[in-house]
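K.L.:
fold the following, please.
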Amino acid sequence: MNITFNKNEDYNKQLASDLRTKLVKVGLGGGKKRVEKLHSKGKLTARERIDYLLDSNSKNVEIGAFAGEEMYAEYGGCPSGGVIVKIGYIHKKQCIVVANDATVKAGAWFPITAKKNLRAQEIAMENNLPIIYLVDSAGAFLPLQDEVFPDKDHFGRIFRNNAKMSSLGITQIAAVMGSCVAGGAYLPIMSDEALIVDKTGSIFLAGSYLVKAAIGENIDNETLGGATTHCEISGVTDYKAANDKDALDKIKNIISKIGDPESAGFNRIEATKPKQIEEEIFGLLPKERNKPYDMLPIIERLVDDSDFEQYKKDFGKTLLTGYARIDGWAVGIVANQRLVTKNAKGEMQVGGVIYSEAADKAARFISNCNQKKIPLLFIQDVTGFMVGSQSEHNGIIKDGAKMVQAMANSVVPKFTVIIGNSYGAGNYAMCGKAYDPRLIFAWPSAELAVMGGAQAAKVLLQIEKASLKAKGKEITPEVEATLFNTIKSKYDKQTSPYYAAARLWTDAVINPLDTRKWISMGIEAANQSPIKERYNIGVSQV
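P.N.:
As a prediction, this is how the structure comes out:
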């Protein structure tokens, strides 16, 4: 291997190491002291509950581990959004589990908590996945109630989704393992079956203090809404559990008896590993985000047997399109090609930019995958569509619109992995979050923004200089350099994959070597939800 490969490898492996460190930190939730306090009450943490519930040594993926990262600092932070969400297996049946983290502000709901819960429900509804709620929450975080309570995608949407999933026949099971108060009390009771843990679980619209203030009644919380009350008197809950593990065992038992879902019929054969060494991805992906490189060797390290059958290989070369398999599942891949290439006219084309012929090729390929019922994988390292008179005269807007239309109307499941740049309209065309990928995740090398940091800083610098000059201030080269670096530093922070993951613009930041697992589990989930819509754009019409 050459020096450049080794430098790339060192850099990208360090990014992966930083990712592991960050995951360990968020895995502590509200901190060791709060974990110990929870244990002293005989309770498991949210992560311990999920680990006990899921099959031992089985695959799982975590959604939104970095939700809330570096947000809400004035309130002490909100690690993982105060709720843990994982897709995994219970008795070999794929499920999604949502567990309030009581070590984070007693499991109170921040705005990002609501958004993350809604994302979990969205995944369940899109893929017909059973969803299990492990409830242990003090309710809405009152200092931010105006950002949690009244809007369409706030707290109340959770209960609307409960009702919708019930009508769709999607299994919902809730275990009340701690507090469950006020409006939040409706979540477990709108589930199909509800469990409650004796002496630690409680459900009520208003706790004992509020009851006393409202109607003058003196009553303790256990009598008001404990396990005995709701299992023997009100009938609100269906099962009483002795402790956390007993409740989780009961859930396992219920899940073990659920019938198999109808299949969407996506093609799968016996899986094979890539022929090429997967770990070489670290050396192939350049450290410098503006450097050209060949995407094909990276694809060959992600797909079974390193076999990638290209569609229109010699046309529209700034996009790679073709068929492959990942863990046995058939996939259609649309990937940005970062090499500098020549088109049919002998004109040089910059890598990472989408040109007219590439957009046209992608639109036709996406339509082909829809006709053949093949899930789509978008691999993003894109700076946007080509601009300039020649590109405009070639009809870039028309061809770009065709690509977006084909992608947006796709009825087969779409998955997106951002491995490098994800800028502007390129993010949209390559199935960004706004276009409903079933899962969207990023490598630590990813950047998401309207444009790159250097370009954006130059634009913003010109605005700032004009403002200062209007105030009669002199702009020396030193002042200009300081302004530029300040602006770029702030902008670069906002392009970080962790900044995006904190706001749930992506579902996760992952080690590149976990990409095959994410795609495989994603397609397996999608295969439980038959396609009911018709793709209305024929290949010949694109």
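K.L.:
so what's the nearest residue to residue 265 once chain neighbours are set aside up against?
P.N.:
Spatially, and ignoring its direct neighbours in sequence, residue 265 is nearest to residue 373 (6.5 Å; CB to CB, 6 or more residues apart in numbering). Any C-beta I mention is one placed from the backbone N, CA and C, and that applies to glycine too. Residue 373 makes contact with 264-267, 412, 531, according to CB atoms under 8 Å, 6 or more residues apart in numbering.
K.L.:
and the pLDDT at residue 373?
P.N.:
Per-residue pLDDT puts residue 373 at 97.
K.L.:
just to revisit the earlier point, would you format the contacts of residue 373 as a markdown table with secondary structure, neighbour count and pLDDT included?
P.N.:
Output for the contacts of residue 373, formatted as a markdown table (DSSP: H, G, I helix; E, B strand; the rest coil; neighbours: other CB atoms under 10 Å; pLDDT from 0 to 100):
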| residue | secondary structure | neighbour count | pLDDT |
| --- | --- | --- | --- |
| 264 | coil | 19 | 96 |
| 265 | coil | 10 | 96 |
| 266 | coil | 18 | 98 |
| 267 | coil | 15 | 98 |
| 412 | coil | 22 | 98 |
| 531 | coil | 15 | 95 |
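K.L.:
farthest pair in those residues?
P.N.:
By the measure CB to CB, 267 and 531 form the most distant pair in the contacts of residue 373, at 13.5 Å.
K.L.:
helix, strand, or coil at the residue lying farthest from the centre of the chain?
P.N.:
Relative to the C-alpha centroid of the chain, counting by CA atoms, centre = their mean, residue 472 is the outermost residue, at 47.6 Å. Under the three-state scheme (DSSP: H, G, I helix; E, B strand; the rest coil), residue 472 adopts coil.
K.L.:
so how far is residue 46 from it?
P.N.:
57 Å (CB to CB, to the nearest Å).
K.L.:
poorly predicted segments of the stretch 51-200 of the chain, please.
P.N.:
Within the stretch 51-200 of the chain, the segments meeting pLDDT under 70 span 183.
K.L.:
what about the helices in it?
P.N.:
111-127, 156-168, 186-189 (DSSP state H, counting those that start in this stretch).
K.L.:
ditto for the stretch 201-350 of the chain
P.N.:
Counting by DSSP H, counting those that start in this stretch, the helices of the stretch 201-350 of the chain are 208-215, 221-225, 227-228, 244-255, 281-284, 296-300.
K.L.:
deepest-packed of those, please.
P.N.:
helix 281-284 (a mean of 22; mean count of other CB atoms under 10 Å).
K.L.:
output the contacting helices and strands for that helix.
P.N.:
Here helix 281-284 touches helix 3-26, helix 296-300, going by 3 or more CB pairs under 8 Å, 6 or more residues apart in numbering; DSSP states H and E.
K.L.:
centre of the chain to it, how far?
P.N.:
Relative to its chain's centre, helix 281-284 lies at 24 Å (CA atoms, centre = their mean, to the nearest Å).
K.L.:
again, but for stretch 157-173
P.N.:
21 Å.
K.L.:
mind starting the numbering at 420 from now?
P.N.:
Sure, I'll start counting at 420 from here, so that last one is stretch 576-592.
K.L.:
what does it contact?
P.N.:
Applying CB under 8 Å, 6+ apart, the set of residues contacting stretch 576-592 from outside is 533, 536-537, 540, 543-544, 547-552, 602, 605-606, 609-614, 670, 673-674, 677.
K.L.:
may I have stretch 666-676 as CSV, with CA atoms only?
P.N.:
The C-alpha trace of stretch 666-676 is given here as CSV (Å, rounded to 0.1, in the frame of the first residue of the first chain):
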residue,chain,number,x,y,z
ALA,A,666,-41.8,-7.9,32.9
LEU,A,667,-39.3,-8.4,30.1
ASP,A,668,-39.7,-12.2,30.3
LYS,A,669,-43.4,-11.7,29.8
ILE,A,670,-42.8,-9.6,26.8
LYS,A,671,-40.5,-12.2,25.3
ASN,A,672,-43.3,-14.8,25.8
ILE,A,673,-45.9,-12.7,24.1
ILE,A,674,-43.6,-11.9,21.1
SER,A,675,-42.7,-15.6,20.7
LYS,A,676,-46.3,-16.4,19.8
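K.L.:
show the average pLDDT along that stretch.
P.N.:
Averaged across stretch 666-676, the pLDDT comes to 98.
K.L.:
so which residue is dead centre in the chain?
P.N.:
residue 926 (1.2 Å).
K.L.:
what about that residue, distance to residue 538?
P.N.:
According to CB to CB, residue 926 stands 7 Å off from residue 538.
K.L.:
and residue 905, by the same measure?
P.N.:
The value you get for residue 905 to residue 538, if CB to CB is used, is 34 Å.
K.L.:
so those two - more neighbours on which side?
P.N.:
residue 538 (18 against 14; other CB atoms under 10 Å).
K.L.:
list the contacts for the residue nearest to the more buried one when sequence neighbours are not counted?
P.N.:
In this structure, residue 538 finds its nearest non-sequential neighbour in residue 923, 5.9 Å apart by CB to CB, 6+ apart. Residue 923 is in contact with 483, 486, 531, 534-535, 538, counting by CB under 8 Å, 6+ apart.
K.L.:
circling back to that earlier point, mutual contacts of residue 926 and residue 538, please.
P.N.:
Common neighbours of residue 926 and residue 538, using CB under 8 Å, 6+ apart, are 482-483.
K.L.:
for the stretch 720-869 of the chain, which spans come out with low pLDDT?
P.N.:
Of all residues in the stretch 720-869 of the chain, those with pLDDT under 70 make up the ranges 806, 810, 812-814.
K.L.:
do that again at 80, thanks
P.N.:
By pLDDT under 80, the low-scoring segments of the stretch 720-869 of the chain are 760-770, 805-814, 869.
K.L.:
how far away is residue 706 from residue 432?
P.N.:
Distance from residue 706 to residue 432, by CB to CB: 11 Å.
K.L.:
how many other residues sit next to the nearest residue to residue 726 once chain neighbours are set aside?
P.N.:
The shortest distance from residue 726 to any non-neighbouring residue, by CB to CB, 6+ apart, is to residue 743 (6.3 Å). Look at residue 743: counted by other CB under 10 Å, it has 23 neighbours.
K.L.:
show me the strands in the stretch 670-819 of the chain, by range?
P.N.:
Using DSSP state E, counting those that start in this stretch, the strands found in the stretch 670-819 of the chain span residues 728-729, 738-745, 748-755, 760-761, 767-768, 772-773, 795-801, 803-804.
K.L.:
which of those strands sits most buried?
P.N.:
Mean neighbour counts were taken over the strands of the stretch 670-819 of the chain using mean count of other CB under 10 Å, and the top value, a mean of 26, falls to strand 795-801.
K.L.:
neighbouring strands - and their directions - for that strand?
P.N.:
Here strand 795-801 is paired, per DSSP bridges, with strand 748-755 (parallel), strand 833-842 (parallel).
K.L.:
of all those, which one comes closest to residue 738?
P.N.:
Nearest of the strands paired with strand 795-801 to residue 738, taken as CB to CB: strand 748-755 at 6.4 Å.
K.L.:
what's in contact with the closest one?
P.N.:
When contacts are defined by CB under 8 Å, 6+ apart, strand 748-755 is touched by residues 685-687, 714, 718, 722, 727, 737-744, 770-771, 773, 781, 784-785, 787-788, 793-801, 839, 845, 849-850, 938-939, 942-943.
K.L.:
want to throw the strands of the stretch 670-819 of the chain into a markdown table with distance to residue 860?
P.N.:
Shown next, in a markdown table, are the strands of the stretch 670-819 of the chain (distance: least, CB to CB, whole Å):
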| stretch | distance to residue 860 |
| --- | --- |
| strand 728-729 | 24 |
| strand 738-745 | 14 |
| strand 748-755 | 15 |
| strand 760-761 | 28 |
| strand 767-768 | 28 |
| strand 772-773 | 21 |
| strand 795-801 | 11 |
| strand 803-804 | 21 |
